[in-house]
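In: Pasting the sequence and the predicted coordinates here, then a few questions.
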Amino acid sequence: MNSLTQTSREAQFVTLGIEREIYAVPVEAVVEILDMRPVFRIPETPPYLVGLIDVRGRGVPVIDLRLKLGLSPSVPSEHTRILVLHVPINGRDIALGLMADRVFEVLPLDLSQLETPPDIGVSWRSDYIRGVGRRGDGFVIVFDLATLFTADEASVIGRKAPPDLAASTAA
């Protein structure tokens with residue numbers, strides 16, 4: 001196959017930081033990126049579900065990505081951002097806020113160049129990792145948003161979340 005007939009399957013991703021690591025979500029899933037704001041706490045929810053924020057009159061559940069990944073809780077700073085996403089959960093798109101230490105840029109990645117999560121010789125949960133890309137000399141972990149939450153977690157979030165916010169912002 002010559003270079004004229006080869007096609008790259010490039011996609012755009014929003015990159016975000018948690019500690020020193022870089023993660024990515026598909027740009028088409030991002031509705032908007034917000035500065036940190038007060039979060040209304042919801043009782044009896046998983047620790048990573050920190051509460052609700054108001055987005056144009058709608059309550060949107062906010063996930064502390066650090067807690068979801070097994071790290072220490074977020075300590076909001078001037079760099080903390082909430083990515084409002086539409087995420088496929090239980091057969092429907094849910095509006096969901098993902099709290100990150102910071103947001104970097106939109107990064108193009110060639111999907112054919114994404115590596116599978118490495119085999120480290122022990123059992124670990126990597127099903128929510130779509131692949132591992134490159135950014136300069138470092139790595140970018142690309143999330144599979146459809147599998148980031150287990151079925152039980154998705155049912156809790158789905159009960160707290162409004163339908164896809166993207167549809168309401170397009171009008």
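Out: In hand now; what should we look at?
In: for the spatially most central residue of the chain, what are its contacts?
Out: In the chain, the centroid-proximal residue (C-alpha atoms, centre = their mean) is residue 25; its distance is 5.2 Å. By C-beta atoms under 8 Å, 6 or more residues apart in numbering, residue 25 lies in contact with 13-14, 16, 83, 85, 98, 142-143, 145. All C-beta atoms are positioned from the backbone trio N, CA, C, and that covers glycine.
In: Highest neighbour count among these?
Out: Using other C-beta atoms under 10 Å as the neighbour criterion, residue 85 leads these with 28 neighbours.
In: So for the host helix or strand of it, mean pLDDT?
Out: Secondary structure assigned from DSSP states H and E places residue 85 in strand 81-89. In this model, strand 81-89 has a mean pLDDT of 90.
In: do stretch 48-58 as well
Out: Here the average pLDDT along stretch 48-58 is 93.
In: Alpha carbons of that stretch, as CSV, please.
Out: Presented in CSV, the C-alpha positions along stretch 48-58 are these (Å, rounded to 0.1, in the frame of the first residue of the first chain):
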residue,chain,number,x,y,z
TYR,A,48,-16.6,9.9,43.8
LEU,A,49,-20.0,11.3,43.0
VAL,A,50,-19.4,14.6,44.7
GLY,A,51,-22.8,16.2,44.0
LEU,A,52,-24.6,18.5,41.5
ILE,A,53,-23.8,21.7,39.7
ASP,A,54,-26.2,24.0,38.0
VAL,A,55,-25.7,24.2,34.2
ARG,A,56,-28.2,26.6,32.7
GLY,A,57,-30.9,25.6,35.1
ARG,A,58,-30.2,21.9,35.1
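In: all helices for the chain, in order.
Out: 65-68, 151-160, 165-170 (DSSP state H).
In: so where's the protein uncertain?
Out: The model of the chain has pLDDT under 70 over residues 1-8, 118-125, 149-171.
In: Residue 15 pairs with what?
Out: Assessed by DSSP bridges, residue 15 has beta-bridge partners residue 24.
In: typo on my end, it should be residue 52
Out: Applying DSSP bridges, one finds that residue 52 bridges with residue 40, residue 61.
In: what sits against it?
Out: Contacts for residue 52 were tallied using C-beta under 8 Å, 6+ apart; they are 39-40, 42, 59-62, 160.
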